[in-house]
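>>> Got a sequence here, can you build the structure:
(2 chains, ligands or ions: 2)
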Amino acid sequence: MFVSLDGVRLAYPSDYGEVLALDGLTMGIEEGEFAAVVGPSGCGKSSLMRLATGLHLPQSGAIRVADKPVTGPLSITGMAFQNPSLLPWRTTLANVMLPLEIVRPHRRRLKHERTAYTQKAEDLLSLVGLEGFGARFPWQLSGGMQQRANLCRALIHDPVLLMLDEPFGALDAFTREELWAVMQDLHAQKRFTVILVTHDLREAIYLADKIFVMSARPGRIISEHRVPFPRPRPMDITYEREFVDLVQELRGEIADARKEVA
Amino acid sequence: MILTLLKSPRAAPFIYAVALIILWELAVRIGDMPVYILPAPSVIVGAIVKYWSPILKNSLVTLWTTLAGFLLALVGGLALGLLVGWSKAIYSGLYPLMVGFNSIPKVAVVPILVIWFGIGVVPAIITAFLIAFFPVVVNVATGLATIEPETEDVLRALGASKWDVMTKIGIPRALPYFFGSLKIAITLAFVGSVVSETIAANAGLGHMMLAAQSQFNVPLVFAGLVMLAVEGIVMYAVMAEIEKRTTGWARRGGVR
Ligand SMILES: Nc1ncnc2c1ncn2[C@@H]1O[C@H](COP(=O)(O)OP(=O)(O)O)[C@@H](O)[C@H]1O
Ligand SMILES: [Mg+2]
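Residues are numbered from 1 along each chain as shown, chains lettered A, B, ... in the order given. Ligands and ions are numbered 1, 2, ... in the order given. Coordinates of the predicted model:
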């Protein structure tokens, strides 16, 4: 397993005792796999992301990424959130290149090989359909374009693991589907491992090879589904019988998970 | 014609100012006001012309003490603001202290400064500094405190150190807040230096006005007042312009 979480427990301290976010969570993802995690809101999906990137450490259980136990932030991962969080004082290109100023060994090389790195960032921008927008400031871009740039920023340092926390959640339906296609192409081309957290079941099924369903808080994995559809998947597939059936099945599971708490 | 001029935002301030001066002049003449109560504008202008040399000298002293205190406040305020914004622990330890200190009326500190440094420009500079640095600290710390946690996470997940987070996000984000505090800081520094000059100094506009008052030279007192207004307005305008030029991205475009 490329990413594995085993019996993980995470609690946040709070004013009224501790909030148990995850308990007994176990999951495994193969290298190059596109995994999606779906579950009711507040079940600990974002917490799961923070664990896998080493931003938080679990109170118990083991987390391994690329055959090493996770003991702190891992620069082999890239991250993108729902909020594009681009820095407004930097151009889009400079935003995309930000990780290169942090991650070794790029950090050291950046000064001498700036043209090569700039080229790389521009290539990535054109790959997501943002050719020629590098000089714009983020606030001059639409929401969809900002999210495209955000993906580029997550990928510029060639991470082997991409973590996406509801990255398309705030976009309109058309833009969202456009970005699904962009995401599918990126994955096909670069073959990184992906963990996508989402509450959009169509999104999860369209993009993922494997879907994990989480219970209500404290979150754990209650089921795991393989998505059988061959790639590349056309957008129309989301309206086909088998696809819709899978959506319904997942819906049912999440509805039950929600009932447990209600 | 006058009506359209009155409505134009550029000309209006001048028209109102001129109108006020004319009104003042007329009121003093018609009311036959004694010069030691309220001198007419023409008399004040006369005093400025007559005493131009001491007025210029003292204006410059006030100007440079204010600017010196102001610059110290910027440097100190920026440094302390970054320190306070650096960590929650430093914030919770230092902030109450600073609030407490800030609530002391700075006039009350001047006698102590005189004991330590004697009468002269030093107490004026320090008073200007003490009164002006607080808003700088608060603004810079606010800029740091309002960094979106997600932005910080993106960097930290890449293995960024606290220092990286500070230089890549913290400082650029705090800068518009810092420049936004310049206008307040310069105004307060000016208050500080003039208050100090009025209590204990041997130069400066405050000192000059105090000396003129003791000789019942009321036109000169008012001349000092006019010079203070001019200096205050000019310094404020300069800071407003600097703010406008340095906070481009925060205002989404405009001047850059
Ligand atoms: N920093 C925190 N401090 C305290 N509680 C938190 C913190 N972050 C998240 N939580 C709690 O943990 C639970 C899971 O949160 P999260 O992982 O953000 O869920 P999701 O992303 O699935 O909506 C929620 O009940 C939330 O209130
Ligand atoms: Mg979340």
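>>> can you pull the contacts of A:Glu249?
Neighbouring residues of A:Glu249 by Cβ atoms under 8 Å, 6 or more residues apart in numbering or on different chains: A:His225. For the C-beta atoms, the positions are set from N, CA and C on the backbone; glycine is no exception.
>>> What distance do you get for it to B:Val154?
The gap separating A:Glu249 from B:Val154 is 34 Å, by Cβ to Cβ, to the nearest Å.
>>> try B:Thr4
Using Cβ to Cβ, B:Thr4 is found at 54 Å from B:Val154.
>>> Confirm for me that B:Gly204 is in contact with B:Gly192.
No: contact criterion Cβ atoms under 8 Å: B:Gly204 and B:Gly192 do not qualify, at 11.8 Å.
>>> Tell me the residues that contact both of these two, please.
Going by Cβ under 8 Å, 6+ apart, residues that sit against B:Gly204 and also against B:Gly192 are B:Ala124.
>>> For chain B, which residues are neighbours of chain A?
Residues of chain B lying close to chain A (Cβ under 8 Å from any Cβ of the partner chain) are B:148, B:150-151, B:153-160, B:164, B:168-169, B:172-173, B:249-250, B:252-253.
>>> Not counting its neighbours along the chain, what's nearest residue 40?
Because you didn't say which chain, this covers chain A. Distances taken as Cβ to Cβ, 6 or more residues apart in numbering or on different chains place A:Arg258 nearest to A:Pro40, at 4.8 Å, with adjacent residues excluded.
>>> ah, I was thinking of chain B
Closest residue to B:Ala40 apart from its sequence neighbours, by Cβ to Cβ, 6+ apart: B:Val28 at 4.1 Å.
>>> tell me which residues in the helix or strand containing that neighbour are buried?
B:Val28 belongs to helix B:12-30 when elements are defined using DSSP states H and E. Of the residues in helix B:12-30, B:Trp24, B:Val28 count as buried by neighbour count, 16 or more other Cβ atoms under 10 Å in any protein chain shown.
>>> Would you mind writing the CA trace of whichever helix or strand comes after that helix as PDB?
The first helix or strand that comes after helix B:12-30 along the chain, using DSSP H and E, is helix B:41-50. The C-alpha coordinates for helix B:41-50 follow below in PDB (Å, rounded to 0.1, in the frame of the first residue of the first chain):
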ATOM      1  CA  PRO B  41      -6.500  86.600   9.800                       C
ATOM      2  CA  SER B  42      -4.800  89.700   8.300                       C
ATOM      3  CA  VAL B  43      -3.100  90.400  11.600                       C
ATOM      4  CA  ILE B  44      -1.900  86.700  11.900                       C
ATOM      5  CA  VAL B  45      -0.500  86.900   8.400                       C
ATOM      6  CA  GLY B  46       1.300  90.100   9.500                       C
ATOM      7  CA  ALA B  47       2.700  88.200  12.400                       C
ATOM      8  CA  ILE B  48       3.900  85.400  10.200                       C
ATOM      9  CA  VAL B  49       5.700  87.900   7.900                       C
ATOM     10  CA  LYS B  50       7.100  89.800  10.800                       C
END
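>>> Could I get the contacting residues of the residue lying closest to A:Gly134 once chain neighbours are set aside?
Counting by Cβ to Cβ, 6+ apart, the nearest residue to A:Gly134 once its immediate chain neighbours are dropped is A:Leu93, at 3.4 Å. Shown in contact with A:Leu93 (Cβ under 8 Å, 6+ apart): A:Thr118, A:Ala121, A:Glu122, A:Leu125, A:Gly134, A:Ala135.
>>> What parts of the stretch 1-150 of chain A come near ligand 1?
When proximity is defined by Cβ under 6 Å from any ligand atom, the stretch 1-150 of chain A lies next to ligand 1 at A:Tyr12, A:Ser14, A:Val19, A:Ala21, A:Ser41, A:Gly42, A:Cys43, A:Gly44, A:Lys45, A:Ser46, A:Ser47.
>>> which ones among the residues you listed are found in helices?
The helices, defined by DSSP state H, take in A:Lys45, A:Ser46, A:Ser47 from those.
>>> Can you tell me the closest non-neighbouring residue to the first one?
Leaving out its chain neighbours, the residue that sits closest to A:Lys45 by Cβ to Cβ, 6+ apart is A:Val197, at 4.3 Å.
>>> Name the strands paired with the helix or strand the one you found falls within and say parallel or antiparallel.
Here A:Val197 sits within strand A:193-198, counting by DSSP H and E. Sheet pairing for strand A:193-198, assigned by DSSP bridges, gives strand A:34-38 (parallel), strand A:161-165 (parallel).
>>> Quick one: distance of the helix or strand following that strand to the chain centre.
Reading on from strand A:193-198 to the C-terminus, the next helix or strand found by DSSP H and E is helix A:201-207. Chain-centre distance of helix A:201-207: 13 Å, with Cα atoms, centre = their mean, to the nearest Å.
>>> Restricting to C-alpha, output helix A:201-207 in CSV.
Written as CSV, here are the backbone C-alpha positions of helix A:201-207 (Å, rounded to 0.1, in the frame of the first residue of the first chain):
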residue,chain,number,x,y,z
LEU,A,201,-21.1,11.5,-5.2
ARG,A,202,-21.1,12.0,-9.0
GLU,A,203,-17.7,13.7,-8.7
ALA,A,204,-16.4,10.8,-6.6
ILE,A,205,-17.6,8.2,-9.0
TYR,A,206,-16.6,10.0,-12.2
LEU,A,207,-13.0,10.6,-11.0
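>>> Next one: the residue in chain B that ligand 1 sits nearest to from B:Arg156, what distance?
Ranked by Cβ to the nearest ligand atom, the top residue of chain B for proximity to ligand 1 is B:Pro149, at 8.7 Å. According to Cβ to Cβ, B:Pro149 stands 10 Å off from B:Arg156.
>>> Please identify which of these two sits among more neighbours.
When B:Pro149 is set against B:Arg156 and neighbours are counted by other Cβ atoms under 10 Å in any protein chain shown, the residue ahead is B:Arg156, at 21 against 11.
>>> Once you drop chain neighbours, what's closest to that one?
Distances taken as Cβ to Cβ, 6+ apart put A:Pro73 closest to B:Arg156, at 5.7 Å, once the chain neighbours are dropped.
>>> mind checking the longest helix of the chain?
This is for chain A. helix A:241-261.
>>> nope, chain B
Assigned via DSSP H, chain B shows its longest helix as helix B:52-86.
>>> How about residues contacting the next helix or strand after it?
As assigned by DSSP H and E, the chain's next helix or strand after helix B:52-86 is helix B:88-102. By Cβ under 8 Å, 6+ apart, the surrounding residues in contact with helix B:88-102 are B:Leu80, B:Leu83, B:Val84, B:Gly85, B:Phe134, B:Val137, B:Ala141, B:Ala145.
>>> Can you say which of those are buried?
Buried subset of the contacts of helix B:88-102 (neighbour count, 16+ other Cβ under 10 Å): B:Leu80, B:Leu83, B:Val84, B:Gly85, B:Phe134, B:Val137, B:Ala141.
>>> so the residue nearest to the third one when sequence neighbours are not counted is in which element?
If you skip the residues right next to it in sequence, B:Val84 has B:Ala141 as its closest partner in space, 4.6 Å away by Cβ to Cβ, 6+ apart. B:Ala141 belongs to helix B:121-145 when assigned by DSSP H and E.
>>> residue of the stretch 101-250 of chain A with the smallest distance to chain B?
Nearest residue of the stretch 101-250 of chain A to chain B: A:Ile102, at 4.6 Å (Cβ to the nearest Cβ).
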